[in-house]
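Peer 1: with the sequence up front, the predicted model follows.
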Amino acid sequence: MKSLLTWQEALDIMRRLDGNGLPVPFSMTAITANQTRQTGGESITFARAILCRRGDQDNAATSPQAPARSVSDGPRKPNWMYRIRNLDSNQIRQVHLHLILYINEHPVR
C-alpha cells in the first residue's frame with residue numbers, strides 16, 4: 001500500500017514545476033460534486049493532469065514555450081476549488097481539494 005498524503009502534500013505535488021518552470025504532470029482521482037445542481041458523487045480519474053496556472057485559457061493547450069508563471073500559494077476561491085487540466089483531453093475541471101482521493105496513486109487525507 002502506498003503512503004497516505006496530507007492535503008498539503010497533495011498540493012505540493014500538484015504545484016511542482018520542472019527545471020524550465022513548467023508544471024510536472026500527476027495522476028489524480030477525485031469525486032465530483034456540484035452543489036448548485038445537486039449532482040455529483042462520481043469518481044473521475046486523470047492519468048496525466050496539471051494544476052492550471054493563472055492566465056491559462058480553458059481551451060488552449062499548454063505551450064512548452066510559455067513563460068513560467070508563479071503558481072498560487074493558496075486557493076483562488078475561498079471554497080478550496082482548484083482548476084485541473086486533463087492533459088489527455090485538454091479538459092479543465094474544477095476540483096475541491098477535500099474531494100481528491102488519490103494523487104499519483106497515493107491516498108490523500
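Peer 2: Nice, thanks for sending it over.
Peer 1: mind listing the strands for the chain?
Peer 2: 26-34, 39-51, 81-86, 91-96, 100-103, 106-107 (DSSP state E).
Peer 1: reformat these as TSV; add distance to Lys2, mean neighbour count and mean pLDDT.
Peer 2: For glycine as for every other residue, the C-beta is placed from the backbone atoms N, C-alpha and C. Below are these laid out as TSV (distance: least, CB to CB, whole Å; neighbours: other CB atoms under 10 Å; pLDDT from 0 to 100):
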stretch	distance to Lys2	mean neighbour count	mean pLDDT
strand 26-34	12	18	93
strand 39-51	15	15	94
strand 81-86	20	19	94
strand 91-96	20	17	93
strand 100-103	8	20	97
strand 106-107	5	16	97
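Peer 1: what's the closest of those strands to Leu5?
Peer 2: strand 106-107 (4.8 Å; CB to CB).
Peer 1: Provide the strand pairings for that closest one, with the direction of each partner.
Peer 2: Using DSSP bridges, strand 106-107 pairs in its sheet with strand 100-103 (antiparallel).
Peer 1: extract the CA atoms of the strand it pairs with and return them as CSV.
Peer 2: Written as CSV, here are the backbone C-alpha positions of strand 100-103 (Å, rounded to 0.1, in the frame of the first residue of the first chain):
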residue,chain,number,x,y,z
ILE,A,100,-9.3,14.4,-4.0
LEU,A,101,-8.9,10.7,-3.2
TYR,A,102,-5.6,9.9,-4.8
ILE,A,103,-2.5,11.8,-6.2
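Peer 1: tabulate the strands of the chain in a markdown table, adding columns for distance to Gln8.
Peer 2: Formatted as a markdown table, those follow (distance: least, CB to CB, whole Å):
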| stretch | distance to Gln8 |
| --- | --- |
| strand 26-34 | 15 |
| strand 39-51 | 14 |
| strand 81-86 | 13 |
| strand 91-96 | 15 |
| strand 100-103 | 12 |
| strand 106-107 | 13 |
